[in-house]
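Engineer: Sequence first, then the predicted structure:
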Amino acid sequence: MIRQLAIIAMSALLLAGCDPPDRDAAASRPGFGANGRRDLIGSAADTGGEKGGQTYAAFDAYRDLKGSGLAFAGYGCVSDCADVIGGYRWARQRNVTDARLCEAATWGELEGCVAFAQGLPSELSSLPPLKKEAAR
């Protein structure tokens, strides 16, 4: 019993000394790029191959630099978010709960499907500014 209490006390002290999470920590999580924005890299979704003549990495880089500044369910939009919203609706109609089951004609639709599978809220928002180091 005393040993267990000592372990709990030591754990509490270690946790108390930890810094709160920041953008850099968020950027290292699967589903977030180095620039702190949500993407499919590291998710269960199939990001291999091409859609619309682009790899997912090329689409993600273009969208982050030239996109509309809008996001739906946390995923950035190239223009008006119609493709992301369409993918989200497709997944909701089929009650998709596993990102590996998402089907889409565009990368934006795939992101929308994955957003639903991840349980993200269906909301339109603005994206935070890009981190300068990652935007190069």
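Structural biologist: Ah, there it is.

Engineer: Pull the contacting residues for the residue minimising distance to the centre of the chain.
Structural biologist: Central residue of the chain (C-alpha atoms, centre = their mean): Arg38, 3.0 Å from the mean position. Going by C-beta atoms under 8 Å, 6 or more residues apart in numbering, Arg38 touches 31-32, 71, 74-76. All C-beta atoms are positioned from the backbone trio N, CA, C, and that covers glycine.

Engineer: low pLDDT regions in the chain?
Structural biologist: 1-30, 131-136 (pLDDT under 70).

Engineer: so where do the helices sit in this structure?
Structural biologist: 2-16, 23-27, 56-66, 82-94, 107-117, 132-135 (DSSP state H).

Engineer: Could I get the buried residue list for the third one?
Structural biologist: Put plainly, it is helix 56-66. 56, 59-61, 63-64 (16 or more other C-beta atoms under 10 Å).

Engineer: now the end-to-end length of stretch 45-64.
Structural biologist: 19 Å (C-alpha to C-alpha, to the nearest Å).
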